[in-house]
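J.: my questions are about this predicted structure, shown below with the sequence.
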Amino acid sequence: MSMKEAYRQKMEAELEWAKAKLAEAKDESRSLAADARVTYATQIAAAEQKLEQIRSKLLDLDVAGDDAWGQVKEGLDQAWTGLSAAIRNVVASFKK
């Protein structure tokens with residue numbers, strides 16, 4: 001398996017984790033008061049948008065040549081950092 005394919009599989013697994021965490025957050029937010037639910041819905045929507053951006057970047061990874069995939073990987077790594085931070089913030093908000 002190439003490094004590019006191994007990285008893609010790793011990112012797909014991380015995206016599945018992120019998707020599951022966001023689904024949990026949505027479920028938990030249903031039990032909140034209306035004003036709190038709006039706040040969390042906004043945070044969750046922002047995180048979901050980041051998740052979709054990463055999915056789009058994964059398509060770029062598929063078409064990137066072996067010598068150019070490193071640049072796509074850097075962009076994906078940065079996007080993942082943003083998404084994971086957004087998810088941590090959402091989860092931390094529920095613990096308050």
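T.: Received, thanks.
J.: got a list of what the nearest residue to Thr39 once chain neighbours are set aside touches?
T.: Spatial nearest neighbour of Thr39, excluding adjacent residues (C-beta to C-beta, 6 or more residues apart in numbering): Ser93 at 7.7 Å. No exception for glycine: its C-beta is placed from N, CA and C like everyone else's. Counting by C-beta atoms under 8 Å, 6 or more residues apart in numbering, Ser93 touches Thr39, Tyr40, Gln43.
J.: go through the helix or strand where Thr81 lies and flag the buried ones.
T.: Using DSSP states H and E, Thr81 falls within helix 69-95. For helix 69-95, the buried set under the neighbour-count rule, 16 or more other C-beta atoms under 10 Å, comprises Trp69, Val72, Lys73, Leu76, Ala79, Trp80, Leu83, Ser84, Ala86, Ile87, Val90, Ser93.
J.: do stretch 29-37 as well
T.: With burial defined by 16+ other C-beta under 10 Å, the residues of stretch 29-37 counted as buried are Ser29.
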